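**Student:** what follows is a predicted protein model with its sequence.
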Amino acid sequence: MTTNIDALPSEERDEYLLNLEQALSDPDKVSKVGTKIKLPASFNFTSRIIFVSNLPGDKFIKDPDLAAIRSRSMFVDVKLSREGVVERIKSLLPYIMPEVPIEEKEDLLEALAEKEGGNLTMRAIVAAIGVKQAGVASNNEELLRLVKMYMS
């Protein structure tokens, strides 16, 4: 149940908010009051939120639920070129599965980067390293075929 506190005179609104704050700060009072607490129908939000998503920007236009988020925020769509993605992944290779030699990881990244099509991601390189470590691929072509599912 809500109440429109905007319609209340300022003294009543202040008293209402004080009583609400006291009621909500004491769990015993909340359980005793139960559904009798009337929450405000609106409030001023003074905090900040950063919403980060890996969805492409055009998805925020086409999907009505996501469009609502976009219309209520400052929107920045960051897209890296394929070369930018490769450079970013390369900068993180020392921290990904550090027990694997860096040269091996760099070779796998290069092989994935040369593969036409597909979406090169951190998941793809981690999968490639895992497949290579598991020894289930007899050569790079077989390894790339197994990892391709992570590059869609």
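**Tutor:** The structure has been received and is ready for your questions.

**Student:** helix or strand with the lowest mean pLDDT in the protein?
**Tutor:** helix 27-33 (a mean of 59; mean pLDDT, DSSP states H and E).

**Student:** pull out the buried residues from the longest helix seen in the chain.
**Tutor:** What stands out as the longest helix in the chain, according to DSSP state H, is helix 10-25. Buried residues in helix 10-25, counted by 16 or more other C-beta atoms under 10 Å: residue 20. Where you see a C-beta, it was placed from the backbone N, CA and C, and this is true even at glycine.

**Student:** what is it packed up against?
**Tutor:** Judged by 3 or more C-beta pairs under 8 Å, 6 or more residues apart in numbering; DSSP states H and E, helix 10-25 is in contact with helix 27-33, strand 39-40.

**Student:** how about a cut-off of 7 Å?
**Tutor:** Helices and strands touching helix 10-25, by 3 or more C-beta pairs under 7 Å, 6 or more residues apart in numbering; DSSP states H and E, are helix 27-33.

**Student:** quick one: contacts for the nearest residue to residue 145 once chain neighbours are set aside?
**Tutor:** In this structure, residue 145 finds its nearest non-sequential neighbour in residue 137, 8.0 Å apart by C-beta to C-beta, 6 or more residues apart in numbering. Neighbouring residues of residue 137 by C-beta atoms under 7 Å, 6 or more residues apart in numbering: 131, 143, 146.

**Student:** what's the pLDDT at the last one?
**Tutor:** This means residue 146. If you check residue 146, the pLDDT there is 78.

**Student:** and the gap between residue 78 and residue 53?
**Tutor:** Distance, residue 78 to residue 53, using C-beta to C-beta, to the nearest Å: 11 Å.
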